[in-house]
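Peer 1: Give the three-dimensional model of this entry:
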Amino acid sequence: MATTTHGITTGAVARRLGVSPTTVRSWDQRYGIGPAVRGDGRHRRWSPADVAMLEEMCRLTSSGVPPAEAARAAQRVRAGAGSETAGEPAARPVAPALPALPALPAAPAEPVEQVEQVPVEPLPPPADGSPRSGRRTGPASGLPLGDVRQECRGLARAAVRLDGPSMDRILQEVLAEHGLVTAWEEVMAPTLHAVGRKWESSDDRYVEVEHLLSWHVSTALRRAVVAAPSAVSPAAPVVLACVPAEQHTLPLEALAAGLAEQGLPTRMFGAAVPAEALDAAVRRLGPAAVALWSQARSTANHALARHVAGTAFGVRGARTAPLVLLAGPGWLGGRPGPGMVRPTGLREAIDVITRRYENRAAPAGG
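Peer 2: Numbers count the residues shown, from 1 in each chain. Sure thing, here's the model as predicted:
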């Protein structure tokens, strides 16, 4: 049984908090927030006051408070819970104020020199018992975040813990407080890039972190599209598509959400759109703009981009072609051809498309 007269086991409290038992034990070892009483002198048994302390630890670290600072505040919760049990009112501690952090410019492509290490749980040993190439776990295996917003640190910690509910909450709060563009450029993208860099340098570890984080970011972006004012407009839409063989859709999902905030109509076609399907969609929709995402130069299809930019539609004498946005790092190198632009980031892409609609709406000669 998980529950005893002395409290509940570490496994039971971990399930209640939605974290792994390893995380609970590491908090005890690193920050001294273990149970006040241990069964038979060895095994951890967590009382209601201990559990309240751990719940506060989860809440604070998910909000971006550094673990050591969160642990000190969480210990005051246990002290307050003990006083309440003895008949005294317990006061909920307030998380220590954090200094303001400078905003991060567009998501960095390379890690900066000063990095904050996000504590992660040690991975289990390989099934064959072989060592993991001497790679250390714990704080030394943190994510290379750099000098970022507090919300970015909180999102990274929640991702490493595989804490889906906390990721949802942080993403919703960031979108509501800062808007789509800031949320993407200064919280979502830096965290995704840090996890991706860690995965690339860790022999395919952290894959589960990247997948779960990507899912929750995608969910938050799609919710933002649904929550935006409905774009009921006769105007031609914006077509959003990944080039053939390109699977990265999150930047396009961010663009879809940003355009939805502006009330502009979009059609999202997602990952790896075949050239024939893209051509058919452009001819059927007559879009004002087409955003083609390419993450790597190996997927950038310049011939396809030229073909789309040269696709004309409309009545004779008033035919027009879409503006093609070459979105993503795969298009770097060389100048965009006629009818194409290469925005440097999400904010610029939204501005370019918005001006496209404004120019179309302006009266001739005005």
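Peer 1: Check the chain for its longest helix and report it.
Peer 2: helix 207-227 (DSSP state H).
Peer 1: Check which residues of that one are buried.
Peer 2: The neighbour-count check on helix 207-227 (16 or more other C-beta atoms under 10 Å) flags Val209, Leu212, Leu213, Ser214, His216, Val217, Thr219, Ala220, Leu221, Ala224, Val225 as buried. For every residue, glycine as well, the C-beta is placed using N, CA and C.
Peer 1: With Thr299 as the reference, measure out to the second one.
Peer 2: Just to be clear, that refers to Leu212. Separation of Leu212 from Thr299 (C-beta to C-beta, to the nearest Å): 25 Å.
Peer 1: Give me the mean pLDDT for the longest helix of the chain.
Peer 2: For helix 207-227, the mean pLDDT works out to 91.
Peer 1: Can you tell me what sits against it?
Peer 2: 155, 159-160, 162, 164, 167-168, 171-172, 175, 180, 184, 188, 191-192, 195-196, 198-199, 249-250, 253-254, 256-257, 260-261 (C-beta atoms under 8 Å, 6 or more residues apart in numbering).
Peer 1: Any of those buried? List them.
Peer 2: Buried among the contacts of helix 207-227 by 16+ other C-beta under 10 Å: 155, 159-160, 162, 164, 167, 171, 175, 180, 184, 188, 191-192, 195, 198-199, 249-250, 253-254, 256-257, 260-261.
Peer 1: Helices - which of these land there?
Peer 2: 155, 159-160, 164, 167, 171, 175, 180, 191-192, 195, 198-199, 250, 253-254, 256-257, 260-261.
Peer 1: how close does the nearest residue to Thr320 once chain neighbours are set aside sit to Pro322?
Peer 2: Distances taken as C-beta to C-beta, 6 or more residues apart in numbering place Gly314 nearest to Thr320, at 5.2 Å, with adjacent residues excluded. Separation of Gly314 from Pro322 (C-beta to C-beta): 11 Å.
Peer 1: And these two? Which one has more around it.
Peer 2: Pro322 (25 against 11; other C-beta atoms under 10 Å).
Peer 1: which residues touch the more buried one?
Peer 2: Val239, Val282, Gly286, Pro287, Ala288, Ala289, Val290, Val308, Ala309, Thr311, Gly339.
Peer 1: still on that earlier bit, which two from the buried residues of helix 207-227 end up farthest apart in space?
Peer 2: The most widely separated members of these are Val209 and Val225, with 25.0 Å between them, by C-beta to C-beta.
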